[in-house]
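# I need the structure of the sequence given here:
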Amino acid sequence: MTLNATLIPGDGIGPEVTDATVRLLEAAGASFNWDRQLAGMAAVKEHGDPMPDNTLASIKSTALALKGPLETPVGKGFRSINVALRKEFDLYANVRPAKSVVPGLRFKDVDIILVRENTEGLYIGIENYIRIGEDHKAAAQSIAVVTRYGAERIHRYAFELAVKLGRKKVTLVHKANILKYSQGLFLDVGREVAKEYTGRVAVEERIVDACAMELVAKPEKYDVIVTTNLFGDILSDLTSGLVGGLGLTPGANIGKDAAIFEAVHGTAPDIAGKGIANPTAVMLAGCQLLDHAGMAALATKVRGAIEATLREGKALTGDLGGTATTRAYTDAVIAHL
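Purely as a prediction, here's the structure:
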């Protein structure tokens, strides 16, 4: 089966790590018809817009996209790339797995999937300054919006994912002890959804600060975490740090009609073009794409080759303490297929 998918190489090291991923997926036997599109600074230079209409149209057509890291230009007149994508395609679920693979790290038994609500909360973009006297920026306010609809679908997604993957527990992470209304609604809806999975998936609750403390002390206690937009943004980077950093963790943005899979790390302009970037995050994002497209067996095969290469430790990139180039690392992963 040949999959139609949009490929956005991205900025900085993006083209290098996405090319490595495409080569790996092809070597594994995955067949793609890639529609290459621009975004980020590359798109600004070509079209004057970091997220051109052609790119959005491609994603709408294919409903699948693999995206390298992007640089959002600073300054007025440029819309946030991530916000534009989430709004355009209603990508309500952000899925960030973090698993211990690299030898020598402090934690050896981390295997967490963090499910973040991706369209509501404080990131909805309702902000304004408050004028007091002559000071037009005397105060500022940002409004968090949590809806029953949004809370229900993200909790249901997390529990369904747990069932699908054979996970044993979902932890509802919140701050309802202080934010009684917005976080309270999120937690109440989570409790309601959890009842439907009694006997199939265990459920527990954690206040977000207690969760953060436990994650850096005993992360093996956690399985699937579901939380709001802001808390998920923060905790997902924390879980990445537990397993070796953002270079080892992918991200999926899932909606009803489209899904975008990406590296969550930056563009690393200091090493761009040198051929030494670590492509693992995008490779694992490619595995998420395969899972989403119903090709779980192939995703498991590719993921296993990546993990075997990391555990072997003979062909690691510089960020992992090795000297391998991007191509040499990719060759090593392909050899483990």
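
# which SS state does the spatially most central residue of the chain fall under?
By C-alpha atoms, centre = their mean, the mean C-alpha position of the chain lies nearest to Gly251, the distance being 2.0 Å. What DSSP: H, G, I helix; E, B strand; the rest coil gives for Gly251 is strand.

# in this structure it contacts Arg96, no?
Yes - contact criterion C-beta atoms under 8 Å: Gly251 and Arg96 qualify, at 5.2 Å. Where C-beta positions appear, they are placed from N, C-alpha and C, glycine not excepted.

# shared neighbours of those two, anything?
Contact criterion C-beta atoms under 8 Å, 6 or more residues apart in numbering; residues shared by Gly251 and Arg96: 236, 264.

# could you list the domains of this protein?
1-101+244-337, 106-242 (automatic domain parsing).

# now the ones you listed in a markdown table, with mean pLDDT?
Output for the domains of the chain, formatted as a markdown table (pLDDT from 0 to 100):
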| stretch | mean pLDDT |
| --- | --- |
| domain 1-101+244-337 | 94 |
| domain 106-242 | 97 |
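
# most tightly surrounded among those?
When the domains of the chain are scored by mean count of other C-beta atoms under 10 Å, the highest mean neighbour count falls to domain 1-101+244-337 (a mean of 19).

# now do the strands in the stretch 201-337 of the chain.
202-207, 224-227, 250-254, 259-263 (DSSP state E, counting those that start in this stretch).

# who's in contact with the first one?
With C-beta under 8 Å, 6+ apart as the test, strand 202-207 has contacts from 168-177, 187, 190-191, 194, 197, 214.

# please apply the same query to stretch 141-148.
With C-beta under 8 Å, 6+ apart, stretch 141-148 has contacts from 120-122, 124, 126-128, 130, 179, 182-183, 185-186, 189, 228, 230.

# the contacts of strand 202-207: which two are farthest apart?
Lys168 and Asn177 (26.1 Å; C-beta to C-beta).

# quick one: residues contacting Leu238.
212, 215-216.

# and if you look at Gly321?
No contacts exist for Gly321 under C-beta under 8 Å, 6+ apart.

# give me phi/psi at it?
phi 90, psi 10 (degrees, to the nearest 10).

# how close does it sit to Thr330?
According to C-beta to C-beta, to the nearest Å, Gly321 and Thr330 sit 18 Å apart.

# ok, the residue nearest to the centre of the chain - contacts?
Counted by C-beta under 8 Å, 6+ apart, Gly251 has contacts 94-96, 236, 261-264, 285.

# not counting sequence-adjacent ones, nearest residue to Val83?
Closest residue to Val83 apart from its sequence neighbours, by C-beta to C-beta, 6 or more residues apart in numbering: Gly125 at 6.9 Å.

# then Arg303?
Per C-beta to C-beta, 6+ apart, closest to Arg303 is Cys287, 4.7 Å.

# in the stretch 1-150 of the chain, which spans are strands?
Using DSSP E, counting those that start in this stretch, strands in the stretch 1-150 of the chain cover 2-8, 31-36, 64-67, 93-99, 111-117, 121-132, 135-145.

# mind putting these into JSON lines with distance to Lys301?
What follows is these, written out as JSON lines (distance: least, C-beta to C-beta, whole Å):
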{"stretch": "strand 2-8", "distance to Lys301": "16"}
{"stretch": "strand 31-36", "distance to Lys301": "14"}
{"stretch": "strand 64-67", "distance to Lys301": "18"}
{"stretch": "strand 93-99", "distance to Lys301": "16"}
{"stretch": "strand 111-117", "distance to Lys301": "19"}
{"stretch": "strand 121-132", "distance to Lys301": "36"}
{"stretch": "strand 135-145", "distance to Lys301": "42"}
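
# surely Val243 meets Ala98?
Yes - the pair Val243 / Ala98 is scored as a contact, 4.8 Å apart, by C-beta under 8 Å.
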